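*Asks:* Provided below are the primary sequence and the corresponding predicted coordinates.
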Amino acid sequence: MDKGLLAYLLIPLLSAVIIPFAAKNRPKLADILANVTLLAGLANLAWLALRPSIIRGEFADIPGDGLSLLLVAAIYLVAFCVTFFSAWFLDEHLPNRQAYYSLILVSVAAMCGVVTTTDFFTLYVFIEVLAVTSFALITTDESSGGIEGALKYFFLTFPASALIIVGIAVMMMSLGGLSFESLRIFMAADAPAGTVTFAAALMMLGFLIKAGVAPFHAWTPDAYQGAYAPVSAYLAGIVTKISGVYAIIKLATLLRFFDGRAQAVSEMVMFLGMFSIALGALAALKQTNFKRMLAFSSISQVGYIVLAAGLGTPLAIMGAVFHLLNHATFKTVLFLNSASVEKSAGTTDMDKLGGLEHSMPWTSWTSIVALLSTAGVPPLSGFWSKLLIILALWESGLKTYAVLALLFSIVTLAYFMMMQKKVFFGKKTAAAESSPEVSAPLLAPVVLMSALIVALGLLFPYFYTYVKMVAERIIL
């Protein structure tokens with residue numbers, strides 16, 4: 001485990017233990033402790049990665065592989081936005097307020113464990129801790145939709161856990177060890193890799209299910225739609241990206257897809273990535289529920305990351321890492337905005353909404369920024385990550401995949417413009433008449449994330465330098 005980042009795992013865990021006792025008779029103290037913990041971590045990470053001397057040195061002094069630090073920052077950023085939003089969104093009389101924040105902080109610790117560990121068994125343990133906390137978080141408001149979504153999440157991702165643990169067992173018998181380094185050394189040698197590749201394929205399949213990649217996506221729309229509104233943003237923004245997508249990228253680099261090793265696994269991952277892009281985008285076109293459309297959009301956008309990871313070249317890995325970060329920003333904005341619309345208008349049924357741009361201008365404009373970034377419109381951050389992925393596919397001679405990836409970006413823009421028209425533009429409906437803009441504290445996280453989307457797009461050369469360093473370190 002990366003010991004330099006161990007504090008980011010331990011401190012939220014300590015806060016999670018303290019909150020139920022300290023806030024037992026003062027529920028609002030739970031909000032303060034959770035937010036202060038995450039904000040302090042974010043400030044520390046910003047100093048670690050963005051101080052002038054580090055930027056001048058083109059990030060050469062960043063510890064470890066650079067990817068762990070970047071993802072820990074993304075975890076803390078999304079978690080902070082969700083907890084800050086929740087502090088004003090949660091019902092005053094919610095009976096399990098302290099448990100809610102403790103679960104979020106335990107899941108933050110688990111995700112930090114996932115991205116900093118250096119062996120497969122510890123990775124699996126942290127992913128299972130994350131699965132249990134996610135299951136509990138989905139049922140926060142104890143509604144029938146939440147409980148149904150949680151049960152589907154549990155039962156449909158259970159086979160993934162079984163596949164991963166069987167893959168780990170086979171790898172242990174084949175390699176005699178479970179460290180990432182032992183797999184990297186083995187794949188760099190010319191020894192026959194049949195059994196090891198089989199073990200890796202089982203694990204990869206498990207992680208694809210955890211990531212909600214088509215055709216293993218059945219749990220995703222129900223879990224996202226049924227979950228308590230801020231939890232939907234948390235799941236879509238970062239949880240499924242860490243529990244599944246990160247592990248896919250990590251395994252792809254260890255299996256040396258860029259060298260043509262484990263070719264069959266590489267082709268399977270790429271095909272499923274492309275299938276996910278297509279199915280998610282086409283299904284999103286048909287949705288009438290705001291949150292459900294965003295869920296299918298998530299399936300499609302995860303497909304881009306998986307497609308790039310399956311290719312595994314340095315440029316593709318750069319695109320995958322950047323798009324993972326971008327996904328965390330734009331999906332958090334869109335899901336938090338869906339929560340604001342639900343709070344203000346009382347529904348997420350798009351057929352009952354319309355004309356909200358006049359009464360909810362901030363929510364409308366931040367949604368436009370996020371949806372344009374998701375669709376890959378320049379100069380926003382999503383454009384650059386999709387460009388890197390499409391260029392990587394084209395350079396590798398996979399021109400069909402490159403063209404399809406571009407075409408489905410246009411489909412993404414189409415269904416999001418339909419969503420924007422139905423929810424925010426057009427005639428005012430009865431629901432919109434009595435739907436005021438949400439309070440400033442609820443808008444603050446989405447404005448922050450929207451500003452970040454614009455900043456990452458405009459400051460792309462700096463970020464390109466960072467992801468290039470990450471790709472070089474994790475592949476070599």
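*Replies:* On my side now, so go ahead.
*Asks:* C-alpha from now on. contacts and neighbour counts both.
*Replies:* OK.
*Asks:* low-confidence ranges in the stretch 51-200 of the chain?
*Replies:* Counting by pLDDT under 70, the stretch 51-200 of the chain contains low-confidence residues at 91-95, 141-146, 191-193.
*Asks:* what are the boundaries of the strands in it?
*Replies:* Secondary structure of the stretch 51-200 of the chain (DSSP state E, counting those that start in this stretch): no strands present.
*Asks:* cool, the stretch 201-350 of the chain as well?
*Replies:* With DSSP E, counting those that start in this stretch as the definition, the stretch 201-350 of the chain shows no strands.
*Asks:* what stretches of it score poorly on pLDDT?
*Replies:* Looking at the stretch 201-350 of the chain by pLDDT under 70, you get an empty list.
*Asks:* how about the helices in it?
*Replies:* 219-226, 229-234, 240, 246-254, 263-285, 290-311, 314-345 (DSSP state H, counting those that start in this stretch).
*Asks:* please name whichever of those is nearest to T118.
*Replies:* helix 246-254 (10.4 Å; CA to CA).
*Asks:* and the closest one, what does it pack onto?
*Replies:* Applying 3 or more CA pairs under 8 Å, 6 or more residues apart in numbering; DSSP states H and E, one finds that helix 246-254 contacts helix 180-188, helix 194-210, helix 290-311, helix 460-475.
*Asks:* buried deepest among those, which one?
*Replies:* helix 290-311 (a mean of 29; mean count of other CA atoms under 10 Å).
*Asks:* follow-up on the earlier one: can I get the helices and strands packed on helix 246-254 in TSV with distance to I389?
*Replies:* Formatted as TSV, these follow (distance: least, CA to CA, whole Å):
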stretch	distance to I389
helix 180-188	24
helix 194-210	19
helix 290-311	6
helix 460-475	13
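*Asks:* which of those helices sits closest to V411?
*Replies:* Counting by CA to CA, V411 lies closest to helix 290-311 out of the helices and strands packed on helix 246-254; the figure is 10.4 Å.
*Asks:* out of the helices and strands packed on helix 246-254, flag the one nearest L254.
*Replies:* Per CA to CA, nearest to L254 of the helices and strands packed on helix 246-254: helix 180-188, 5.1 Å.
*Asks:* can you pull out the helices in the stretch 351-476 of the chain?
*Replies:* Secondary structure of the stretch 351-476 of the chain (DSSP H, counting those that start in this stretch): helices at 356-359, 361-375, 381-395, 399-423, 430-433, 440-458, 460-475.
*Asks:* least confident of those helices, on average?
*Replies:* Ranked by mean pLDDT, the helices of the stretch 351-476 of the chain end with helix 430-433 at the bottom, a mean of 68.
*Asks:* I'd like the helices of the stretch 351-476 of the chain written out as CSV, with distance to T288 added.
*Replies:* Converted to CSV, the helices of the stretch 351-476 of the chain look like this (distance: least, CA to CA, whole Å):
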stretch, distance to T288
helix 356-359, 16
helix 361-375, 17
helix 381-395, 25
helix 399-423, 9
helix 430-433, 15
helix 440-458, 23
helix 460-475, 35
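*Asks:* mean confidence (pLDDT) on stretch 32-44, please.
*Replies:* Mean predicted lDDT for stretch 32-44 stands at 88.
*Asks:* need the contact partners of it.
*Replies:* 8, 11-12, 15-16, 19, 73, 76-77, 79-80, 83-84, 101-102, 105 (CA atoms under 8 Å, 6 or more residues apart in numbering).
*Asks:* hang on, the earlier thing: nearest to W88, out of the helices of the stretch 351-476 of the chain?
*Replies:* helix 440-458 (6.6 Å).
*Asks:* measure V403 to G397 for me?
*Replies:* 11 Å (CA to CA, to the nearest Å).
*Asks:* between these two, which one's more packed in?
*Replies:* Neighbours per residue, other CA atoms under 10 Å: of V403 and G397, the larger number sits with V403, 14 against 11.
*Asks:* ok, and the closest non-adjacent residue to the more buried one?
*Replies:* The spatially closest residue to V403, leaving aside those adjacent along the chain, is I390, at 7.8 Å (CA to CA, 6 or more residues apart in numbering).
*Asks:* my guess is the one you found meets L404, correct?
*Replies:* No: here I390 does not reach L404: they are 9.3 Å apart, not a contact under CA atoms under 8 Å.
*Asks:* higher neighbour count, the two?
*Replies:* I390 (26 against 15).
*Asks:* look up how far L183 lies from that one.
*Replies:* 29 Å.
*Asks:* ends of stretch 46-65, what's the gap?
*Replies:* Stretch 46-65: ends 17 Å apart by CA to CA.
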